[in-house]
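Can you look at this prediction? I've put the sequence above it.
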Amino acid sequence: MATRNDASKKTDEEKAKPKKPLKPEGMLEQVPDIPVRYYQEPAPQQEKARRFLEAFAAILRHSNYGFILDHFSRMTARCGRCAVACPVYQATHLARDLPCRRSELLLRVYRRHFTPEGRARARLFNEPPLQDAEVDEMAEAFYRCTACRRCNLRCPMGIDHALITHLGRYILSEIGIVPKALHVAVREQLQGKTGNTSAIPVPALLDTLSFLEDELKERFGKEIKFPVDVEGADMVFFPAVSDYLLEPDTLMGQAAVFFATGDSWTIGTGYFDGINYGLFYSDRYLEEIIMKEINEVRRLKARRILIGECGHAARSAKFFVPTYGGESAPPVISILEYTAQAIKDGRIRLNRDAIKERVTYHDPCNIARSGWIIDQPRFILRSFIRDYVDMTPHGRENYCCGGGGGTVSVDEIRKFRTGIGGRRKAEQLRATGAHYVVAPCANCKKQLREIVEDHGLDMEVVGLHDLILKAIVL
């Protein structure tokens with residue numbers, strides 16, 4: 001029987017033990033950290049810091065970021081409420097992965113160097129200027145973020161941490177600090193001979209389309225075409241150009257939908273890439289790529305821009321074609337909106353017995369976080385899938401695939417993407433028990449397939465129109 005002294009001694013020992021930190025709801029067990037590194041050109045001491053401040057100043061002069069930063073910098077950006085939303089922080093438990101901690105890195109620079117109060121304080125207390133090590137810290141932090149914007153749903157002050165991350169990447173890109181994969185792809189898109197991120201020349205595009213037409217004829221016994229350079233069509237089609245290399249079933253499913261509806265559409269050989277990596281790191285490139293889409297629509301005398309299954313391509317066009325195209329900018333529609341409406345109108349017939357396996361749906365952040373495209377794909381799937389289940393949470397509250405913000409293109413950080421950024425998504429996928437995971441986004445498909453492989457999940461990642469191809473009745 002324990003004496004009172006023994007009990008008192010035991011209590012004292014227990015008190016002496018370090019307490020485990022409280023974990024926000026939904027936190028995962030901590031995983032080993034995987035740093036994200038980018039090679040940079042060697043520079044003299046303080047050269048990076050000087051160039052960073054010069055680029056920052058130029059962007060503030062020629063944009064409206066100053067108003068936004070002035071507003072955010074006057075609030076507290078360090079309360080930590082975003083911890084319950086960020087899948088990266090939930091996996092690492094590292095303070096540097098808190099969205100508000102990451103935002104503070106740039107807001108601190110803004111206060112110190114670009115506000116009268118900050119400059120006066122620096123002189124009064126002899127505070128040092130920005131250092132190269134701080135630039136390196138920002139380069140690491142800003143590319144650990146998937147830009148999924150989930151933290152925006154939790155910030156009580158309404159601070160847009162993803163926007164601050166984008167601005168930080170934009171400044172870094174102006175001084176040559178950007179992942180090589182993004183730099184090479186955009187350079188080919190804007191300056192290369194092919195004019196697209198996958199470097200597909202027009203003859204190769206035409207060969208691919210001819211092959212897909214043969215496949216469709218063999219499958220359906222009908223002449224289902226991919227129209228090219230048709231003037232006066234209702235819609236010019238811009239999928240993620242990688243679909244022409246990697247997603248034949250997605251493209252054939254979309255062509256079958258157009259065949260069923262009979263609407264006019266075309267692919268333009270002047271420009272045929274919906275990808276816009278400028279959204280991830282550079283407003284300059286974002287605008288240039290958007291103008292290529294607009295100019296192609298105008299060249300073909302078409303009426304609308306139709307974006308294929310790609311989250312960031314859809315968001316880029318939807319929100320920035322009106323910005324850069326002016327009053328005459330063509331309307332933008334997503335293929336998911338188009339197909340959902342066609343089914344509602346009774347113009348598409350789908351066989352409800354074609355797919356017997358369980359199906360779940362992944363919400364791409366770029367089209368779901370704002371509430372734009374959530375119900376439409378679910379309406380499509382429930383119209384012909386008998387065993388459909390949703391992930392928890394889903395819709396606006398969905399978890400990122402782990403490769404958002406362009407990081408999916410950086411193969412060197414795959415372990416980080418699937419082991420940390422995508423760990424929460426892997427758990428969601430496993431919990432559904434689904435065979436098919438529908439991801440209507442080129443980037444999400446690549447990332448989710450790597451998650452399935454790296455986490456040993458028995459699932460198949462497909463596009464939404466891949467399943468429509470299996471079920472459509474022509």
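Sure thing, it's come through.

quick one, helices of the stretch 301-450 of the chain?
311-325, 335-344, 365-368, 375-382, 414-416, 423-432, 442-454 (DSSP state H, counting those that start in this stretch).

which residues touch the last one?
Think helix 442-454. By Cβ atoms under 8 Å, 6 or more residues apart in numbering, the list of residues contacting helix 442-454 from outside reads 239-240, 242-243, 246-247, 275, 309-313, 362, 364, 401-404, 406, 408-409, 414, 417-419, 422, 425-426, 429, 437, 439, 457, 459-463. All C-beta atoms are positioned from the backbone trio N, CA, C, and that covers glycine.

on that earlier part again, with respect to Arg102, which of the helices of the stretch 301-450 of the chain lies nearest?
Among the helices of the stretch 301-450 of the chain, the nearest to Arg102 by Cβ to Cβ is helix 414-416 (15.2 Å).

Buried ones in that closest one, by neighbour count?
Arg414, Phe416 (16 or more other Cβ atoms under 10 Å).

Could you look over the helices of the stretch 301-450 of the chain and pick the most buried one?
helix 365-368 (a mean of 26; mean count of other Cβ atoms under 10 Å).

if we can go back for a sec, turn the helices of the stretch 301-450 of the chain into a markdown table, including distance to Leu98 and mean pLDDT.
A markdown table is the format used below for these (distance: least, Cβ to Cβ, whole Å; pLDDT from 0 to 100):
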| stretch | distance to Leu98 | mean pLDDT |
| --- | --- | --- |
| helix 311-325 | 24 | 97 |
| helix 335-344 | 33 | 98 |
| helix 365-368 | 19 | 98 |
| helix 375-382 | 32 | 98 |
| helix 414-416 | 17 | 95 |
| helix 423-432 | 16 | 97 |
| helix 442-454 | 23 | 98 |
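
can you put the ones you listed in TSV and add distance to Ile171?
Output for those, formatted as TSV (distance: least, Cβ to Cβ, whole Å):
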stretch	distance to Ile171
helix 311-325	19
helix 335-344	34
helix 365-368	22
helix 375-382	36
helix 414-416	22
helix 423-432	29
helix 442-454	23
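
quick one, which of those helices is nearest to Arg101?
Short answer: helix 414-416, nearest of the helices of the stretch 301-450 of the chain by Cβ to Cβ, at 17.8 Å.

and the closest one, how far out from the chain's middle?
Remark: helix 414-416 is offset 16 Å from the chain centroid, using Cα atoms, centre = their mean, to the nearest Å.

Also stretch 182-196?
19 Å.

Buried residues, it. List them.
So for stretch 182-196, counting by 16+ other Cβ under 10 Å, buried means Leu182, His183, Ala185, Val186, Glu188, Gln189, Thr194, Gly195, Asn196.

Please name the residues that touch the last one.
It refers to Asn196. Glu188, Gln189, Val241, Tyr271, Phe272, Asp273, Ile275.

what about it, distance to Gln189?
Asn196 is 6 Å from Gln189, where distance means Cβ to Cβ, to the nearest Å.

shared neighbours of these two, anything?
Asp273, Ile275.

State the next helix or strand along the chain beyond the longest helix along the chain.
Counting by DSSP state H, the longest helix found in the chain is helix 202-220. Sequence order places strand 235-238 as the next helix or strand after helix 202-220, per DSSP states H and E.

Need the mean per-residue confidence for whichever helix or strand comes after that next one.
Next in sequence after strand 235-238, counting helices and strands by DSSP H and E, comes helix 243-246. Across helix 243-246, the average pLDDT comes to 98.

Which of the residues in helix 243-246 are classified as buried?
Asp243, Tyr244.

Buried ones among the contacts of Asn196?
Glu188, Gln189, Val241, Tyr271, Phe272, Asp273, Ile275.

Pull up the gap between the last one and Leu98, please.
In this structure, Ile275 lies at 30 Å from Leu98, with Cβ to Cβ as the measure.

any low-confidence regions in the stretch 101-250 of the chain?
Within the stretch 101-250 of the chain, not a single segment meets pLDDT under 70.

Tell me which residue is most central in the chain.
Centroid-nearest residue in the chain: Gly404, 3.5 Å away (criterion: Cα atoms, centre = their mean).

Which residue comes closest to that one once chain neighbours are left out?
Thr146 (3.7 Å; Cβ to Cβ, 6 or more residues apart in numbering).

Fine by me, thanks again.
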